[in-house]
Structures are given as structure tokens and as C-alpha cells.
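S.K.: pasted the sequence and its predicted model underneath.
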Amino acid sequence: DEVEEMLPQEAAHAVRMEALGLPPSPQGLSLLDMVMLEGTALLFTDLLLGRETLATFMDPARLSWHRAHDAAVLAAAAREFGTGGMAAFTRYFAVDAPISGYWVGYSLCRRFLERYGTSAMRELLCMPSAEILRRLG
């Protein structure tokens with residue numbers, strides 16, 4: 001199961017990084033680009049496999065908490081979207097991060113597809129992060 005999820009997720013990362021010219025390390029990414037890189041990959045994998053893959057590696061209690069506090073989580077992360085590098089990566093993508101960057105990207109990208117339909121997944125994979133936010137308005 002891990003390989004089944006990992007391959008499409010990594011392929012989605014590669015497509016997004018290539019399309020947008022993103023560096024292969026969090027050191028050169030903004031938090032906004034980090035969360036969108038993960039969110040697009042998670043949703044691509046979900047659509048391909050027909051299940052929510054975030055639930056396979058995020059603790060169920062933490063996932064439930066993030067769902068219940070989605071608006072506050074997104075607002076808190078949005079205040080730091082301009083930050084970046086390894087400090088932002090470890091703050092948002094550690095297993096015990098108070099706010100999960102995986103959830104933030106997943107939630108934003110899920111909203112995008114809810115608004116524009118699952119056929120917009122190809123566009124979403126290659127769309128600059130700031131444009132995704134703009135279109136979510």
C-alpha cells in the first residue's frame with residue numbers, strides 16, 4: 001500500500017516542480033509552495049486511488065482536530081505563507097507539528113477542486129501557488 005501511494009504522489013511532486021521550476025529542496029521554497037506541493041500530490045493520489053491517502057499517515061486524532069479547526073488552521077498558516085526554508089518546513093511538516101502543512105495544502109487544494117471540478121486536477125498540478133490562492137479568493 002505504501003508504494004501504491006508513494007509512486008503517484010512523488011510523480012505529482014515531480015510534475016509540479018518541473019512545470020513551475022521549483023527547487024527540489026524545502027530550503028528554496030516558501031511555505032505556500034510547500035503546502036501546495038503536498039496538497040496537489042495528495043489530491044492527485046486520492047483521485048487516482050479513490051481514497052483519502054492523508055488518513056494513511058496522519059494520526060486519526062490529529063486529522064480530526066484539523067478538520068474541526070480548518071478555518072483557524074488555514075488562517076494561521078496563511079500568515080506565514082511568505083516564510084520559507086527549512087525552518088518553515090520543520091515547523092509545518094514534522095510529525096507532531098501543531099499545524100500540519102499537509103492538511104493546509106490538502107484543504108486548500110480540495111477546495112479548489114470542489115469549486116472547479118476534478119477535471120481541473122491537471123491545471124491545479126501546474127498552477128503557481130499564488131494563482132491557486134487568488135482563484136480561491
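M.R.: Yep, that arrived. Numbers count the residues shown, from 1 in each chain.
S.K.: element containing the spatially most central residue of the chain, please.
M.R.: With distances taken as C-alpha atoms, centre = their mean, the chain has residue 39 as the residue nearest its mean C-alpha position (2.0 Å). In this structure, residue 39 sits in helix 31-49 according to DSSP states H and E.
S.K.: returning to that earlier point: and the residue nearest to the centre of the chain, how close does it get to residue 79?
M.R.: According to C-beta to C-beta, to the nearest Å, residue 39 stands 18 Å off from residue 79. (Glycine included, C-beta is placed from N, CA and C.)
S.K.: quick one: the residue nearest to the centre of the chain and residue 105 touch, right?
M.R.: Yes: Residue 39 is in contact with residue 105 according to C-beta atoms under 8 Å; the separation is 2.6 Å.
S.K.: buried stuff in the helix holding residue 39?
M.R.: Counting neighbours by 16 or more other C-beta atoms under 10 Å, one finds that the buried residues in helix 31-49 are 31-46, 48.
S.K.: what's the following helix or strand after it?
M.R.: Toward the C-terminus, helix 31-49 is succeeded by helix 60-68 as the next helix or strand (DSSP H and E).
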